[in-house]
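1. pasted the sequence and its predicted model underneath.
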Amino acid sequence: MSTHSMLESGRGAVRERLVASLAAALDEHDRATGGHLRRVAVQAVRVAERIGMGAAEIDRVYCAAVLHDLGKIGIPDWILGKRGPLDNEERRLMEEHPTIGARILRGFPELVDVADMVEQHQERWDGRTEGAFRGYPLGLAGEEISLGARIIAAVDAFDAMTSDRPYRCGLPIAEARAVLQRERGGQFDPRVVDVFFALQEEGAFSSSASKRTAGSPSPTPGR
C-alpha cells in the first residue's frame, strides 16, 4: 500500500469513528433518534445510488444522514419530548438544530464536507419560508439546496411520519406516502420523491413503521 493510500485509509477510519461517536452522543441525548438515524442513512444511500451519485458523494450522504439531527444535542430535552404541538418560541429553538449541527461538524476537519447537507436538510424545494412547515434556516430553494440534503429531507420526513415518538403515534405508510406525493415539488424535490417511491415499490426498504388505521394522531414533521 502506498503512503498516500495509508493516509487516506487512516483518515477514513478517523471519520468513521467520529461519525459513530457523535451519533452515540445524540442517541444518549434523545433516545427516539437512534433507529431513525440508521433507517434514514440506509435509505438515503439507496436513493443516492439509484440517482447515480458517485462513491465519495454517497459516503457524504451517509455521514450527513447519520448526523442530520446532531444539532438536537443543543435542544432542551423538554422540547424534544414535549407531548403536543410546539409553541412559537419552542419552534424557534427547534429550528436552530440544523445550524447547531453544522457548526459542530465544521469543528472537525474530517467532517466539514458534510456540514452543508446537515445545515440544509430542513430547507424546502419551493423555498417557502413562512407558515406551517416552512423551510429553514437559510431560505434556500431548488438546486441551491445540495442534492444530498434534498435526499435526506424526503427520507427523514417519511421515516419521522411513520415512526412512533413519545409525543404522538406514527402515520400509516399509505398516509405518509400521500403527504410526500402532495409535497412533491413543494417541500420535496420531485425527482427524489419519485426515486424513493420506486425503491419502496421494489421492496428495497424494510419498513419498521407500524401500519395504523386512518385517523391516528398526525405527526409533527421536522421533530
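-> That came through fine. Numbers count the residues shown, from 1 in each chain.
2. what is the neighbour count of residue 59?
-> If you count neighbours by other CB atoms under 10 Å, residue 59 ends up with 18. Placement of C-beta: from N, CA and C, glycine included.
3. now the helix or strand containing it: mean pLDDT?
-> Assigning secondary structure by DSSP states H and E places residue 59 in helix 55-66. For helix 55-66, mean pLDDT rounds to 97.
4. point out where this structure drops to low pLDDT.
-> Scanning the chain for pLDDT under 70 picks out 1-11, 31-34, 166-167, 206-223.
5. look up how far residue 158 lies from the spatially closest residue to residue 42 that is not a sequence neighbour.
-> Nearest non-adjacent residue to residue 42, counting by CB to CB, 6 or more residues apart in numbering: residue 205, 7.8 Å away. To residue 158, residue 205 is 9 Å away according to CB to CB, to the nearest Å.
6. more neighbours: the two, which one.
-> residue 158 (28 against 18).
7. which residues touch that one?
-> Contacts of residue 158 were listed using CB atoms under 8 Å, 6 or more residues apart in numbering, and they are 176, 177, 180, 196.
8. could you dump these into a markdown table with distance to residue 59 added?
-> Below are these laid out as a markdown table (distance: CB to CB, whole Å):
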| residue | distance to residue 59 |
| --- | --- |
| 176 | 28 |
| 177 | 28 |
| 180 | 25 |
| 196 | 20 |
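9. can you redo those as CSV with distance to residue 54, secondary structure and neighbour count?
-> Conversion of these to CSV gives the following (distance: CB to CB, whole Å; DSSP: H, G, I helix; E, B strand; the rest coil; neighbours: other CB atoms under 10 Å):
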residue, distance to residue 54, secondary structure, neighbour count
176, 30, helix, 21
177, 29, helix, 18
180, 26, helix, 20
196, 20, helix, 26
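10. what's the next helix or strand after the helix holding residue 59 packed up against?
-> Toward the C-terminus, helix 55-66 is succeeded by helix 77-80 as the next helix or strand (DSSP H and E). Applying 3 or more CB pairs under 8 Å, 6 or more residues apart in numbering; DSSP states H and E, we find helix 77-80 packed against helix 88-94.
11. with just CA atoms, put the next helix or strand after the helix it packs on into CSV.
-> Next in sequence after helix 88-94, counting helices and strands by DSSP H and E, comes helix 97-105. The C-alpha coordinates for helix 97-105 follow below in CSV (Å, rounded to 0.1, in the frame of the first residue of the first chain):
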residue,chain,number,x,y,z
HIS,A,97,-30.9,22.3,15.2
PRO,A,98,-29.6,22.3,11.6
THR,A,99,-27.4,25.3,12.4
ILE,A,100,-26.1,23.8,15.6
GLY,A,101,-25.3,20.5,13.9
ALA,A,102,-23.4,22.2,11.1
ARG,A,103,-21.4,24.3,13.5
ILE,A,104,-20.4,21.2,15.4
LEU,A,105,-19.4,19.4,12.2
